[in-house]
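Colleague: Pasted the sequence and its predicted model underneath.
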Amino acid sequence: MNLCLDLDEDALILHRDDAVDGGASQLDSVGGGGFALSVDELTVLPEETQRVALEAFAVHDSDGDGCLTSSELLVVLAKMGYHEGEVITAVKEQQMAKMDAEALLCVLRALVREADPSDQSTRIRKAFDHVDVDGNGVLDFEEFRLLLKMIGRGMTDEAAKEMFNRIDMDGSNSIDYNEFVSSVL
């Protein structure tokens, strides 16, 4: 049995990747609840942090299976300066879990939130501004795809376009800040 920690909707979820019944048990709830995006998913990880984390992940993936044991993950997190807290405790409790690279980034976002629990409006504004690359105050589809990539939502272009169109309530082919806020609250 191989256990992996994945980002599933709004929470860190521990699941058996060989489970026939698709059962999953919750490890640590770290998400909120909009219909399209959760506020907690919008925690911005600087690109340098992501790069360092993924390099450390590759170094510590000793068997090359694309997953780290919880012990290996704790070593990576300690090297990045994370030694204690509720999220670290939750990872320590999952002794048999194996976690993929996306789970590492999800855990890092949870750790950033734990260290700086900004209010929801601040987190939403930071995320919007971060992906509004051209600074025009609206997100076009490419900027929206950047947001999805940033939060680890891997989806097809078709699914992303469908989500984009649901959030773009006025049909302007862009998402303004108010539409964005409505999608996460």
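Modeller: Looks like it arrived, so ask away.

Colleague: who does the helix or strand where Phe57 lies touch, helix- and strand-wise?
Modeller: If you go by DSSP states H and E, Phe57 is part of helix 47-60. Helices and strands touching helix 47-60, by 3 or more Cβ pairs under 8 Å, 6 or more residues apart in numbering; DSSP states H and E, are helix 70-79, helix 101-115. All C-beta spots, glycine's among them, are computed from the backbone N, C-alpha and C.

Colleague: which helices and strands sit right next to the shortest one?
Modeller: In terms of contacts (3+ Cβ pairs under 8 Å, 6+ apart), helix 70-79 is packed against helix 47-60, helix 86-92, strand 97-100, helix 101-115.

Colleague: avg pLDDT for the longest one?
Modeller: With pLDDT averaged residue by residue, helix 101-115 scores 83.

Colleague: What is the least confident helix or strand in this protein?
Modeller: strand 24-28 (a mean of 30; mean pLDDT, DSSP states H and E).

Colleague: low pLDDT regions in the protein?
Modeller: By pLDDT under 70, the weakly predicted segments of the chain are 1-41, 95-96, 118-119, 185.

Colleague: redo that, cut-off 80
Modeller: Counting by pLDDT under 80, the chain has low-confidence residues at 1-46, 94-97, 115-121, 123, 150-154, 184-185.

Colleague: Can you say which of the helices and strands packed on helix 47-60 is nearest to Glu93?
Modeller: Glu93 sits nearest to helix 70-79 of all these, at 8.3 Å, using Cβ to Cβ.

Colleague: For that closest one, which residues meet the burial criterion?
Modeller: For helix 70-79, the buried set under the neighbour-count rule, 16 or more other Cβ atoms under 10 Å, comprises 70, 72-74, 76-77.

Colleague: Nearest to Ala53 among those residues?
Modeller: Nearest member of those to Ala53, counting by Cβ to Cβ, is Val76, at 7.0 Å.

Colleague: The closest one: what's its closest spatial neighbour, skipping adjacent residues?
Modeller: The shortest distance from Val76 to any residue other than its chain neighbours is 4.5 Å, reached at Ala56 (Cβ to Cβ, 6 or more residues apart in numbering).

Colleague: is it true that the one you found touches Leu73?
Modeller: No - the criterion here is Cβ atoms under 8 Å, and Ala56 misses it with Leu73 at 9.7 Å.

Colleague: Mind checking what secondary structure Asp170 has?
Modeller: coil (DSSP: H, G, I helix; E, B strand; the rest coil).

Colleague: Next up, the contacts around the nearest residue to it once chain neighbours are set aside.
Modeller: Residue nearest to Asp170 in three dimensions, not counting chain neighbours: Glu179, with 7.2 Å by Cβ to Cβ, 6+ apart. For Glu179, the contacting residues are 167-170, by Cβ atoms under 8 Å, 6 or more residues apart in numbering.
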